[in-house]
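**Student:** Need a 3D model of the sequence below.
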Amino acid sequence: MELNGYRIMWLFVFFDLPTETKKDRRNASGFRNNLLKDGFSMMQYSVYVRHCASSESADVHEKRIHKLLPPLGKVSVLRITDKQFGNILNFWGKAAMPSAPQPTQLELF
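**Tutor:** Numbering: from 1, shown residues only. Predicted structure coming up:
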């Protein structure tokens, strides 16, 4: 199977979790920490992203997210191809910033 920019996937996790009580804050912090343990990186405060080598790998991580859901709040997962991810424009102020570096791919023969 050949790896290409249309088969490689990126998962985005967007969430809005309550933080009114100590328990809510603990749940939100635990959710974020579990995303980090599962290989996600913080893109913005409530937006995390993870590279997946295939659609099947993305399926596994989506199922993990489902198991990690806190009792309250909203969590959304978006799956995009590597080609689409490469078109992201990031801005800080008015200056364009370079896209995040692509992870190195291991190719086995």
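
**Student:** Restricting to C-alpha, output the lengthiest helix in the chain in CSV.
**Tutor:** Taking DSSP state H as the criterion, the chain has its longest helix at helix 22-37. C-alpha atoms of helix 22-37 as CSV (Å, rounded to 0.1, in the frame of the first residue of the first chain):
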residue,chain,number,x,y,z
LYS,A,22,-13.2,22.2,40.8
LYS,A,23,-14.5,18.9,39.4
ASP,A,24,-15.2,20.5,36.0
ARG,A,25,-11.7,21.9,35.9
ARG,A,26,-10.2,18.5,36.8
ASN,A,27,-12.3,16.8,34.1
ALA,A,28,-11.2,19.4,31.5
SER,A,29,-7.5,19.1,32.5
GLY,A,30,-7.7,15.3,32.4
PHE,A,31,-9.2,15.3,28.9
ARG,A,32,-6.5,17.6,27.6
ASN,A,33,-3.8,15.5,29.3
ASN,A,34,-5.2,12.3,27.8
LEU,A,35,-5.1,13.9,24.4
LEU,A,36,-1.5,14.7,24.9
LYS,A,37,-0.8,11.1,26.0
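
**Student:** Report the mean per-residue pLDDT for it.
**Tutor:** What helix 22-37 shows for mean pLDDT is 96.

**Student:** From residue 34, how far off is the nearest residue to residue 18 once chain neighbours are set aside?
**Tutor:** Of all residues not flanking residue 18 in the chain, residue 24 sits nearest, at 4.4 Å (C-beta to C-beta, 6 or more residues apart in numbering). No exception for glycine: its C-beta is placed from N, CA and C like everyone else's. As judged by C-beta to C-beta, to the nearest Å, residue 24 and residue 34 stand 16 Å apart.

**Student:** which residue ranges form the strands in the chain?
**Tutor:** With DSSP state E as the criterion, the chain has strands at 9-16, 41-44, 47-52, 74-81, 90-92, 95-97.

**Student:** I'm done for today, thanks for sticking with me.
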